[in-house]
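Peer 1: with the input below, show me the fold.
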Amino acid sequence: MENRNLIRKDNGRFIKLLERNSVTVLDLGCGEGNSLNGIKFIGWNEYMPKNKSNFIGLDINKDGLKKAKLQRYNSIVYNLETGILPFKDKVFDYIIAQDIIEHLHSHIKIRKEIYRVLKKKGTLYVKVPCETSPNLWRDYTHKRGYTEESIRQFLEDGKFNIQKFKKYKRTCLLTKNPSFAIKSLLSIIISKVLDHDYTTYSYYLLCSKSRQNVNSRYQ
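Peer 2: The predicted model follows:
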């Protein structure tokens, strides 16, 4: 539901890209290809390129990539910790980095590589966990979480302009799941008492390339 709503509301640019015959999409850490499932869920199949070579997915998990092939991916087994993307300069219209940057030690190198392989008018889609998310450390492979300021700075330091920014909050009290409702209520109360946001789970960003020079505080 989370991914579906984001694509419906914020990814109008993605539709325009998919309408191009020559669109090329790179999904970093694609797993089973779930990043694009939202397109099918809301009936956008007609916008998906017929040639699966237009969708390239990189992941270290061979089993996940087998399922990604069913999602029209040209799947490649690849370890992103190398810090190098095996592609020529400026070849992708759209790059997806959903739930991957927080897993990488080589996130600075990958950021530079994303800029290199993204076309001049290309789009970068990023999703990362909030550092105060209750789910952040449930995944032991996470290396870090982000604040709104830190993820903005990380991308701007990498010569990206942020076009759209969205917070995903889990604060739904009107649910049939009492456990979820209680957790949501506690998150709201704690956030108010401590004057700190504990309701945000993740950040979504759509970015374009900038001509500014890199001046990274993270290096």
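Peer 1: show me which strand runs longest in the protein.
Peer 2: Longest strand of the chain, by residue count under DSSP state E: strand 118-129.
Peer 1: I'd like the next helix or strand past that strand.
Peer 2: Downstream of strand 118-129, the first helix or strand assigned by DSSP states H and E is helix 148-157.
Peer 1: list the buried ones in the very next helix or strand once past that next one?
Peer 2: Note on helix 148-157: by DSSP H and E, the next helix or strand toward the C-terminus is strand 160-169. For strand 160-169, the neighbour count (16 or more other Cβ atoms under 10 Å) marks 160, 162, 164, 165, 168, 169 as buried. C-beta coordinates here come from the backbone N, C-alpha and C atoms, glycine included.
Peer 1: repeat for stretch 112-128
Peer 2: For stretch 112-128, the neighbour count (16+ other Cβ under 10 Å) marks 112-115, 117-118, 122-128 as buried.
Peer 1: likewise stretch 71-78?
Peer 2: Buried, per 16+ other Cβ under 10 Å, within stretch 71-78: 71, 72, 73, 75, 78.
Peer 1: against residue 162, how distant is the second one?
Peer 2: Think residue 72. Distance of residue 72 to residue 162, given as Cβ to Cβ, to the nearest Å: 29 Å.
Peer 1: cool, and the fourth one?
Peer 2: The span separating residue 75 from residue 162 equals 29 Å under the rule Cβ to Cβ.
Peer 1: got it, and the last one?
Peer 2: In this view, residue 78 and residue 162 are 27 Å apart by Cβ to Cβ.
Peer 1: out of the buried residues of stretch 71-78, what pair is the most spread apart?
Peer 2: Spatial extent of the buried residues of stretch 71-78 (Cβ to Cβ) is set by the pair 72 and 78 at 18.2 Å.
Peer 1: let's have the buried residues of strand 160-169 in a markdown table, adding distance to residue 100.
Peer 2: Below are the buried residues of strand 160-169 laid out as a markdown table (distance: Cβ to Cβ, whole Å):
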| residue | distance to residue 100 |
| --- | --- |
| 160 | 16 |
| 162 | 18 |
| 164 | 19 |
| 165 | 18 |
| 168 | 16 |
| 169 | 22 |
